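S.K.: dropping a prediction and its sequence here:
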Amino acid sequence: MGADRPDDHHQHHAPVPPGYGGGKTQYERRGRGMPPKRVLHRTIVVYAQFPGSGTPSGPDGTVPSGGTMFAPLVEAVETALEPSPGEPAITLGGLVSHIWIEGESHWLTGEIFPNGQGMFTIPINIVIP
């Protein structure tokens, strides 16, 4: 057994953009003397409720389905995470190297819950240099 090195007990924490909770972090070593590249795998969770849900009269019927309610919300997230023309990547103002959507999304629409509330997820990856 060798002696412990001081670095064996040091934990290095990368700055995490606010609003992105738990998930998996993948470390990639880029070479001797180079800092590790960190890829954060996170999930955006969006909740939405049918108009009028949770009231004694129930949903007001103005939104025919959860898919109709979710579609513009999903499009808004996709648009927010799409680089502007001429920009190579979304960097959150230089906070990260880049961020993108990748993986499976899950939808649980409001029709299946008595309170009319549903949720969907959007998987994202964030690279911190």
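M.R.: Done, it's in.

S.K.: which stretches in the protein count as helices?
M.R.: Taking DSSP state H as the criterion, the chain carries its helices at 66-80.

S.K.: low-confidence bits of it, can you list those?
M.R.: Applying pLDDT under 70 to the predicted model, the residue ranges of the chain that meet it are 1-22, 55-61, 63-64, 66.

S.K.: quick one: the strands in it, in order.
M.R.: Listed in chain order, the strands of the chain (DSSP state E) span 24-28, 37-49, 98-101, 107-108, 117-128.

S.K.: winner for burial among those?
M.R.: Comparing the strands of the chain by mean neighbour count (mean count of other C-beta atoms under 10 Å), strand 117-128 comes out on top with a mean of 19. C-beta: built from backbone N, CA, C; applies to glycine.

S.K.: any idea of the angle that one forms with strand 24-28?
M.R.: For strand 117-128 against strand 24-28, the angle by axes from the mean of the first three to the mean of the last three C-alpha atoms, to 10 degrees is 20 degrees.

S.K.: spatially nearest residue to Phe70 (excluding sequence neighbours)?
M.R.: If you skip the residues right next to it in sequence, Phe70 has Phe120 as its closest partner in space, 5.4 Å away by C-beta to C-beta, 6 or more residues apart in numbering.

S.K.: alright, that wraps it up for me.
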